[in-house]
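>>> sharing a model prediction with you, sequence too.
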Amino acid sequence: MTPPGQTIGVLGGGPLGRLFAQAAQNLGYRVHVFEPQAGGPAGAVANEETHASYDNLAALRAFARDCAVVTCEFENIPVDSLRALAAATRLHPSPDVLHICQNRQREKHWLGQNKFSHAVCAEALDGDVAAAVARVGRPCVVKTADFDHDGRGQMKITDDTDLEQAGAIFRGRRCVVERWVDFACELSVIVARTERGEIRVFPLSENIHTRNILDFSIVPARVSAAVAAEAQQLASDIAQKLGVVGLLAVELFFTDRGVLLVNELVPRPHNSGHWSIDGGETSQFEQQVRAVCGLPLGPVGVREPTVMVNLLGDLWRGGREPDWTAILAEPKSKLHLYGQREPRPGRKMGHFTVRAPDVETALAKARELKAKLAGEV
Ligand code: AMP
């Protein structure tokens with residue numbers, strides 16, 4: 001066990017690192033952030049920050065010496081660096097888990113090997129998209145195998161798409177071509193697991209994306225109790241099989257035909273879990289602290305139905321701070337801003353939540369507040 005008072009290291013200095021650091025500090029830990037770029041959201045609140053690239057082994061070893069345990073808020077770190085860290089201190093999740101989750105092809109292979117269902121897919125090497133599309137069938141989507149987040153590096157292929165052009169766009173990159181899934185909704189489940197194998201599964205979040213970026217998360221998800229239980233069991237089984245220590249977010253498609261398909265595995269806190277800060281008995285960040293430090297895991301109940309809305313840089317028109325009055329004046333709404341230095345289109349700057357006795361009321365209020373912010377009403 002790593003008790004309060006010790007130092008936890010975090011790989012990555014973005015918004016998730018900031019929210020993690022705040023939760024860790026509330027429990028009495030020191031936080032040391034490792035992040036290549038200065039001036040990020042986590043560094044502003046961390047007790048210490050190292051600025052060095054993720055392949056600087058000397059800097060990573062010095063960081064490890066200061067930390068009783070290291071975790072991550074960003075998983076795309078060279079595996080040799082992860083192995084060097086794991087040799088020098090406790091690293092949760094392990095390099096093997098992070099390695100699988102860093103690449104769509106490896107992840108799909110692992111899921112298939114372990115009999116977890118995912119969309120039909122095929123590998124496309126060096127822009128050979130046409131052959132993979134022929135195997136999978138149209139419509140489908142080409143995704144770079146190395147993760148680009150928030151829908152970057154993706155292209156939908158329909159009957160009208162020119163495959164030569166598509167191939168040219170992805171030349172030189174390993175890709176996965178996935179059959180298009182007609183889904184009733186997108187869901188995610190966050191699981192926490194300790195080294196001793198204790199597991200807690202958060203309630204399902206129903207996620208609405210706009211232009212491939214998460215827009216709304218609705219908790220509890222509007223699915224039947226049977227579907228919720230099946231999704232939670234599936235996520236728990238995946239976390240167990242993977243042997244992850246820390247958090248694992250399992251992104252799911254719930255298809256038109258009532259089938260759950262795994263879309264992605266994310267071995268860290270997830271944007272769709274932010275509702276838990278205001279609406280959960282334990283936030284996902286506190287749960288990550290508990291899991292990686294070997295503390296007892298916290299209860300995962302929903303205190304009140306909650307909707308989370310992402311705040312993207314597009315709202316800062318001409319660089320001007322939006323008017324937050326409507327959100328701040330709403331008794332059951334909470335505003336969270338991440339201290340990003342600069343608003344950029346598509347950049348996650350913060351989020352807000354709305355709680356209500358039922359999700360439909362919370363969602364209607366969240367939509368109203370979002371429209372007000374955007375100046376639409
Ligand atoms: P991803 O980066 O794989 O999570 O994809 C981002 C978003 O694109 C997903 O959350 C879906 O809304 C959409 N998407 C990705 N893959 C598919 C698919 N095979 N079928 C339908 N929609 C998809």
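It's in.
>>> where does the prediction get shaky in the stretch 151-300 of the chain?
151 (pLDDT under 70).
>>> residues from it in reach of the ligand?
With the criterion set to C-beta under 6 Å from any ligand atom, the stretch 151-300 of the chain comes near the ligand through Gly151, Glu178, Trp180, Val181, Glu186, His209, Asn212, Glu251, Asn263, Glu264. Any C-beta I mention is one placed from the backbone N, CA and C, and that applies to glycine too.
>>> correct me if wrong: the fourth one contacts Val262.
In this case it means Val181. No - in this structure Val181 lies outside contact range of Val262 using C-beta atoms under 8 Å: 11.0 Å.
>>> and Tyr324, what's its pLDDT?
I think there's a mix-up here, since residue 324 is Trp and not Tyr. pLDDT, Trp324: 98.
>>> where does His118 fall, phi/psi-wise?
Note on His118: its backbone torsions stand at phi -140, psi 170 [degrees, to the nearest 10].
>>> quickly list what it is bridged to.
Beta-bridge pairing of His118 under DSSP bridges involves Val262.
>>> that one: neighbour count?
His118 sits with 20 neighbouring residues when counted by other C-beta atoms under 10 Å.
>>> so who does it touch?
Lys108, Leu111, Gly112, Leu261, Val262, Asn263 (C-beta atoms under 8 Å, 6 or more residues apart in numbering).
>>> tell me the one of the residues you listed nearest the ligand?
The nearest member of these to the ligand, counting by C-beta to the nearest ligand atom, is Asn263 at 5.3 Å.
>>> what strand or helix carries the residue nearest to that closest one when sequence neighbours are not counted?
Leaving aside its sequence neighbours, Asn263 sits nearest to Glu251 (C-beta to C-beta, 6 or more residues apart in numbering; 4.2 Å). Following DSSP states H and E, one finds Glu251 within strand 246-255.
>>> what's the spacing between Ser236 and the ligand?
From Ser236 over to the ligand the distance is 21 Å, taken as C-beta to the nearest ligand atom, to the nearest Å.
>>> phi, psi for that residue please.
phi -60, psi -40.
>>> try Val142
Dihedral angles (degrees, to the nearest 10) for Val142: phi -90, psi 130.
>>> and for Leu315?
Here Leu315 shows phi and psi, under degrees, to the nearest 10, equal to phi -70, psi -20.
>>> so it touches Gly350, yeah?
No - the pair Leu315 / Gly350 is not scored as a contact, 9.4 Å apart, by C-beta under 8 Å.
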